[in-house]
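Q: sharing a sequence plus its predicted fold:
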Amino acid sequence: MVSLFTRPEELRSKAASQVDEIYQALMAVLPELKDCHLGELLRHPVSCEASSSAVEDPISTNHVCVGDASMTVDPLASQGVHLAMTSGLQAAAAVHTLLDHPQDGAHAMSFYVDRQQERRRLYVERTAEMYWQVAQRRPSLFWTERAEKRPEPVQPISVMPLDPEDLIQLCHQSALRPTPILDDGRIRCGPALHHPNLPRPIAYVHGVPITQLLASVADPLSYGQLLANWQALLPGPIAHQTFHSLWTAGTLVRA
Ligand SMILES: Cc1cc2nc3c(=O)[nH]c(=O)nc-3n(C[C@H](O)[C@H](O)[C@H](O)COP(=O)(O)OP(=O)(O)OC[C@H]3O[C@@H](n4cnc5c(N)ncnc54)[C@H](O)[C@@H]3O)c2cc1C
């Protein structure tokens, strides 16, 4: 079976026989099939919507939408199975909370909605970037229209040079706020680090509460001392990676 992707406008209000013609015409120009001897069509091709989509209300006290029923991503992403499994795990925690800890039910639903919106935003941007890359070589409407939601490229913040004596502090936009978090298979409200550049709030790093890591940065602290503190809580490479991620996101800055 060969799946072909085209603009919906090319197929709208077309009779089935015309869809056959369009399908065969597209197959005929595919370089990948140039040396293949294609036989007769065994059945009429079926066209369907393949764009990203998401339901507006993925969860309530009476229902939860999981996997494709909650959100679909552009086929270019090739991530539908991974996303379905992730949403399944999160839905299980949300349902567990709704049933066994109803006092946290609102947090559970908010957590699930936030994760769905986060995936949606991330994949809209990622696939737009993929379309943009191809559009540089093939500027047809199919590629350029789908590249439109590509985010502005961000200027990377350099990590080096940082000397061990350099003083580090939290950026004034970093804040610890009560947030619905996944903890031990259920959702509860707990502190998480928020910053405009973070794709999502951070509650734990490698199982260590973010509050514990950031306690040492309550006042400006040398880079060397901060890493030493974190290495007492996290494996060495993870401590470095964590610093790198928080620094490049701009959550930590020079004092
Ligand atoms: C052609 C194609 C290629 C793809 N390639 C990839 C890929 O390379 N990588 C990737 O990650 N993803 C890919 N995907 C996407 C991926 O298949 C889906 O995102 C993923 O399967 C979604 O999982 P799901 O459990 O939500 O839904 P599904 O896998 O669709 O499972 C839903 C199940 O529910 C059943 N069902 C529906 N209604 C009822 C009912 N009323 N009662 C009982 N059962 C019901 C269905 O029969 C089905 O078995 C592809 C999809 C397509 C169509």
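A: Thanks, I have it.
Q: so where do the strands sit in the stretch 1-150 of the chain?
A: All strands of the stretch 1-150 of the chain, identified by DSSP state E, counting those that start in this stretch, fall at 53-54, 71-72.
Q: out of those strands, which gets nearest to Arg121?
A: strand 53-54 (10.1 Å; CB to CB). Quick note: C-beta positions are derived from backbone N, CA and C, even for glycine.
Q: what lines up beside the closest one in the sheet?
A: Paired neighbours of strand 53-54 in the sheet (DSSP bridges): strand 71-72 (antiparallel).
Q: residue contacts, Ala135?
A: 143-144, 147 (CB atoms under 8 Å, 6 or more residues apart in numbering).
Q: relative to Val73, how far out is the closest residue to it other than its chain neighbours?
A: Distances taken as CB to CB, 6 or more residues apart in numbering place Trp143 nearest to Ala135, at 3.8 Å, with adjacent residues excluded. According to CB to CB, to the nearest Å, Trp143 and Val73 sit 17 Å apart.
Q: next one: Leu122
A: 9 Å.
Q: now do Leu167
A: Distance from Leu167 to Val73, by CB to CB: 43 Å.
Q: tell me who's in contact with the residue of the stretch 101-250 of the chain found nearest the ligand.
A: Among the residues of the stretch 101-250 of the chain, Tyr123 lies nearest to the ligand; the distance is 11.4 Å by CB to the nearest ligand atom. By CB under 8 Å, 6+ apart, the contact list for Tyr123 reads 52, 73-74, 77, 79, 83.
Q: let's go with 7 Å and repeat that
A: Residues near Tyr123 by CB atoms under 7 Å, 6 or more residues apart in numbering: 52, 73, 77, 79.
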